[in-house]
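Undergrad: What would the 3D arrangement of this be:
(2 chains)
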Amino acid sequence: MPYEWIMGLAGGGLIGVAAAIFLLVNGRIMGASGLIGGLVDGSGRHDWRERAALLAGLFLAPALLVPFMAGAQTHLTNNWGVIIIAGLLVGVGTRLANGCTSGHGVCGISRLSLRGIVATVFYIGAGALTVVVFKHGLGII
Amino acid sequence: MRIFVAFVVGSLFGTGLLISGMTDTTKVQGWLDLFGDWDPTLAFVMGGAILPMALAWAWTKGRRPVLADAFPARPDPRVGPNLVLGSTLFGAGWGLSGLCPGPAIASLGFGGTGGVAFLIAMLCGMMIAPPLRSRLDPRPSPV
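TA: Purely as a prediction, here's the structure:
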């Protein structure tokens, strides 16, 4: 099995363990868009400390580890138009759908939630279509 | 204590995203690139994450969380226009950039202004979503 698949499985396992701890200890769903969105639109004001602590860890742990991981890199586009439009779409879409890859994908599918499965089918389908059109069709990304 | 646990959970989440390669936008776009150079890594990440969570859900039956009164109730199974349209818009943005909300924060550590711009745009999108949500489907939203 290729090295990248093994790292995917290991990293995925860690994400699943994190979500399991949040559920079993704090009794909450580890959904990134819901945790962030609740801080932005005010709906999560009552538990903002818990949300902020999780997001601080989500930012700090990788930031501290990046210098020690030779292979770790990112390749975000330099096209500012694409960055802004993509960010807006991700923000609006995840809040309309009440979840993203962590909430619907990991936490929803694992409890066989119909909403989680439907959301995942639609966002993967839309993502694949977007890559076909904007990469292979228009050559923008 | 709940706040400390949340910080540990976030740190594990971020570390998992980093070592699985999900903070690399080309790996995510490679998974979505069915007609190009397809990269199946994301399926392994999802599989690896869903397995411990499925065990956790099974364990919740008849029990209570350590630091809370109850586990989250099963969501309303209704599939409405908000879910379908929202997921489609999200998928389009995810395909364009290779970033979803978790990795958008976890990858800020790489530096660069693009990630910050993406985050600001995403937060703006999140602010304009609630009025749109009630317009599309006036029934109370299932959280």
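
Undergrad: Would you enumerate the residues in contact with residue A:127?
TA: Residues in contact with residue A:127 (Cβ atoms under 8 Å, 6 or more residues apart in numbering or on different chains) are B:32, B:91, B:92, B:94, B:95. All C-beta atoms are positioned from the backbone trio N, CA, C, and that covers glycine.

Undergrad: Which of the helices or strands spans the fourth one?
TA: Right, the one you point to is residue B:94. Counting by DSSP states H and E, the element that carries residue B:94 is helix B:81-97.

Undergrad: How about stretch B:127-143, which residues are buried there?
TA: B:127, B:129, B:130, B:133, B:136, B:141 (16 or more other Cβ atoms under 10 Å in any protein chain shown).

Undergrad: Alpha carbons only: can I get that stretch in PDB?
TA: The C-alpha coordinates for stretch B:127-143 follow below in PDB (Å, rounded to 0.1, in the frame of the first residue of the first chain):
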ATOM      1  CA  MET B 127     -22.500  35.500   8.200                       C
ATOM      2  CA  ILE B 128     -24.800  35.900   5.200                       C
ATOM      3  CA  ALA B 129     -26.100  32.300   5.400                       C
ATOM      4  CA  PRO B 130     -28.700  32.500   8.200                       C
ATOM      5  CA  PRO B 131     -31.100  34.900   6.500                       C
ATOM      6  CA  LEU B 132     -30.700  32.800   3.300                       C
ATOM      7  CA  ARG B 133     -31.400  29.700   5.200                       C
ATOM      8  CA  SER B 134     -34.800  30.800   6.600                       C
ATOM      9  CA  ARG B 135     -35.800  32.100   3.200                       C
ATOM     10  CA  LEU B 136     -35.200  28.800   1.400                       C
ATOM     11  CA  ASP B 137     -37.000  26.700   4.000                       C
ATOM     12  CA  PRO B 138     -38.900  28.600   6.700                       C
ATOM     13  CA  ARG B 139     -39.200  25.500   8.900                       C
ATOM     14  CA  PRO B 140     -36.900  25.600  11.900                       C
ATOM     15  CA  SER B 141     -33.500  24.300  10.900                       C
ATOM     16  CA  PRO B 142     -32.500  20.800  12.200                       C
ATOM     17  CA  VAL B 143     -29.100  21.300  13.900                       C
END
